[in-house]
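**Q** pasting the sequence and the predicted coordinates here, then a few questions.
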Amino acid sequence: MTLKNRFALLFSLFFTLFFAIVLLIVYTLFSDYRQGDFYSRLINKADQISFEINKHYKNSNDLIKDEDVQTTYKLVNERIAVIDLNRKKLFQTSRTNPIKVSIKQLKSLNQNNPIYYSKNKIETVIKLFNQENQKIIVIVSAEDLYGNAKIDYLKILFYWTFSIGLILLWFFSYQLSRRALLPMDRLREKVQEITFQNLNNPIQFENKKDEISALAKAFNHMLERIDKAYKRQREFTGNASHELRTPIARIGTQLENLLQEKQVDENLKNSLKSVHEDVYHLSDVVTSLLILSRLDEGVKSDNFKLVRIDEIIFDVTDKLVKIWPDFKLQFEIENKTTDELILDVNGDETLLKIAITNLLKNAYTYSNNHQVKVTYVLTENTQNIQVLNTGEVPTFKDNSPMFQAFSRGTNSYDKPGSGLGLRIIQRILSYHNANISFSNPAENTNLFEVKFNR
């Protein structure tokens, strides 16, 4: 989850909870207010009934008549009952649905604390009155129709308020986080544009006193240090490789001259051949390092031109046959399109020859029959070069990448090499916006496939 989405989520959750708590508190307070208000009206009703009874039936235990219990107002679904302490009914308004009072409620009743309870929206108050010569219990039951209607309306209002507010809250929280972290996104985009070609170009930013500006400033300082270290490394590699090529070439030439002399002993000649192979290997390593250092400069060549892949393959093959007379090449062409066959690619001919040479040398060295099959495949979107040989399939220790510098597989223990060949191939192809992949389509079969975009 991105920082922007995380900020929006936390912000939204916090205010959602806060909003829900506020609405719940308001709803609870209004509900308590309604209940308290209706309780006061029920108590007032009971007080009026007690007053009327005391006025008309003072010192009398006669049954109370309806016309003698008249109050100033009437409640919705109102029911009234008056009983004595022996639960004798002195008065009631509803014969079919009388108010029932339990003995437990009467025992807990006292003059200072009326009993209140609610059931199915019907609210009831039981109050004890201590008149001059008798004690009576007045029970008033009614429904707060208008108050409950307001509560129901408030509930619906809060539901929609919460729902709409929740949607708006999540929307604006996302927009707010997106706007607040917009400088971070811009910084990320600028960082992604940085390569080793433009390490000396600092990130442009508004010099504000905030965290983004501080981060950009620190990143620019880091780029400056990396650029200096990178230039020093590239300069050393290039200079060292260039300076080593001349003495190594001289050593190789002198060894070749000694090998051509007839008076050289056969045993010495075998030793000189071994030394010559080592010098050739050392020269190959130095040349590889020099090529890598030049490719690291990352400047695209203006001399790219159309070169024929088949001509490069045949030219490289002729040179390899001179080194290894048993080198055998099988070349095929497959056109998987309805277009005219295209054998040209846009690139640097010298670099492409180096890449093809390393590919064919690698296939020859690690094959079990010194045969290499090269297939040129033309598709709708790509021009592919497939290099196939039969031999042990390489595996790598610690799952190191095949195209990493100085990485050698299990099939190379008894073979000369530096582990730079595949790395050079990959870098050259990347320089040409192409890529290379490895697979083993069958047992003891190795396939390297190079893809150029058409």
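**A** Sure, I can see it.

**Q** poorly predicted segments of the stretch 151-300 of the chain, please.
**A** 196-199, 205, 207, 238, 281, 284-285, 288-300 (pLDDT under 70).

**Q** could you point out which element follows the top helix by length along the chain?
**A** Longest helix in the chain by number of residues (criterion: DSSP state H): helix 3-56. Note on helix 3-56: by DSSP states H and E, the next helix or strand toward the C-terminus is strand 76-84.

**Q** that following strand packs against which elements?
**A** With contacts taken as 3 or more Cβ pairs under 8 Å, 6 or more residues apart in numbering; DSSP states H and E, strand 76-84 sits against helix 3-56, strand 89-92, strand 135-143, helix 145-180. Where you see a C-beta, it was placed from the backbone N, CA and C, and this is true even at glycine.

**Q** is it possible to get JSON lines of these that adds mean neighbour count and distance to residue 428?
**A** As requested, the helices and strands packed on strand 76-84 are exported to JSON lines (neighbours: other Cβ atoms under 10 Å; distance: least, Cβ to Cβ, whole Å):
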{"stretch": "helix 3-56", "mean neighbour count": "15", "distance to residue 428": "39"}
{"stretch": "strand 89-92", "mean neighbour count": "17", "distance to residue 428": "106"}
{"stretch": "strand 135-143", "mean neighbour count": "22", "distance to residue 428": "90"}
{"stretch": "helix 145-180", "mean neighbour count": "14", "distance to residue 428": "42"}
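
**Q** closest one to residue 111 among these?
**A** Minimum separation from residue 111 across those (Cβ to Cβ) falls at strand 135-143, 8.5 Å.

**Q** quick revisit: who wins for proximity to residue 437 among the helices and strands packed on strand 76-84?
**A** helix 3-56 (34.7 Å).

**Q** got the angle between the closest one and strand 135-143?
**A** Counting by axes from the mean of the first three to the mean of the last three Cα atoms, to 10 degrees, helix 3-56 lies at 140 degrees to strand 135-143.

**Q** does helix 3-56 pack against any helices or strands, and if so which?
**A** strand 76-84, strand 115-119, strand 122-130, strand 135-143, helix 145-180, helix 182-192.

**Q** ramachandran angles for residue 88?
**A** The phi/psi pair for residue 88 (degrees, to the nearest 10) reads phi -80, psi 130.

**Q** which one of the helices and strands packed on strand 76-84 lies closest to residue 103?
**A** Per Cβ to Cβ, nearest to residue 103 of these: strand 135-143, 12.3 Å.

**Q** and the nearest residue to residue 49 once chain neighbours are set aside, how far from residue 217?
**A** Excluding the flanking residues, the one nearest residue 49 by Cβ to Cβ, 6 or more residues apart in numbering is residue 138, at 5.2 Å. From residue 138 across to residue 217, the span is 82 Å (Cβ to Cβ, to the nearest Å).

**Q** across the sheet, point out what pairs with residue 140.
**A** With DSSP bridges applied, residue 140 shows beta-bridge pairing to residue 80, residue 125.

**Q** is it true that residue 315 touches residue 353?
**A** Yes: the pair formed by residue 315 and residue 353 meets the contact definition of Cβ atoms under 8 Å, at 7.0 Å.

**Q** residue 114: what's it in contact with?
**A** 43, 46, 125-128 (Cβ atoms under 8 Å, 6 or more residues apart in numbering).

**Q** redo those residues as CSV? Include pLDDT and distance to residue 432.
**A** Below are the contacts of residue 114 laid out as CSV (pLDDT from 0 to 100; distance: Cβ to Cβ, whole Å):
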residue, pLDDT, distance to residue 432
43, 90, 95
46, 87, 99
125, 91, 94
126, 90, 97
127, 89, 99
128, 88, 102
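
**Q** could you dump these to a markdown table with distance to residue 236?
**A** Listed next are those as a markdown table, based on distance: Cβ to Cβ, whole Å:
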| residue | distance to residue 236 |
| --- | --- |
| 43 | 98 |
| 46 | 103 |
| 125 | 98 |
| 126 | 101 |
| 127 | 102 |
| 128 | 105 |
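
**Q** and those residues, which two are furthest apart?
**A** It's 43 and 128 that sit farthest apart of those, by Cβ to Cβ, at 12.1 Å.

**Q** chain center to the longest helix of the chain, what's the gap?
**A** Centroid separation for helix 3-56 versus its chain: 44 Å, with Cα atoms, centre = their mean, to the nearest Å.

**Q** how about stretch 2-17?
**A** Here the centre of mass of C-alpha atoms in stretch 2-17, compared against the chain's by Cα atoms, centre = their mean, lies 15 Å away.

**Q** sorry, back to before: how much space between the residue nearest to residue 49 and residue 101?
**A** When distance is defined by Cβ to Cβ, residue 138 is 11 Å away from residue 101.

**Q** repeat for residue 227
**A** Counting by Cβ to Cβ - residue 227 and residue 101 are separated by 93 Å.

**Q** and residue 259, by the same measure?
**A** In this structure, residue 259 and residue 101 are 127 Å apart, going by Cβ to Cβ.

**Q** alpha carbons of the host helix or strand of residue 427, as PDB, please.
**A** Taking DSSP H and E as the definition, residue 427 sits inside helix 421-431. Extracted C-alpha coordinates of helix 421-431, given in PDB (Å, rounded to 0.1, in the frame of the first residue of the first chain):
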ATOM      1  CA  GLY A 421      31.100 -12.900 -21.800                       C
ATOM      2  CA  LEU A 422      27.400 -13.100 -21.100                       C
ATOM      3  CA  ARG A 423      27.500  -9.800 -19.200                       C
ATOM      4  CA  ILE A 424      29.100  -8.100 -22.200                       C
ATOM      5  CA  ILE A 425      26.400  -9.600 -24.500                       C
ATOM      6  CA  GLN A 426      23.600  -8.300 -22.300                       C
ATOM      7  CA  ARG A 427      25.100  -4.900 -22.000                       C
ATOM      8  CA  ILE A 428      25.600  -4.600 -25.800                       C
ATOM      9  CA  LEU A 429      22.100  -5.800 -26.500                       C
ATOM     10  CA  SER A 430      20.700  -3.400 -23.900                       C
ATOM     11  CA  TYR A 431      22.600  -0.600 -25.600                       C
END
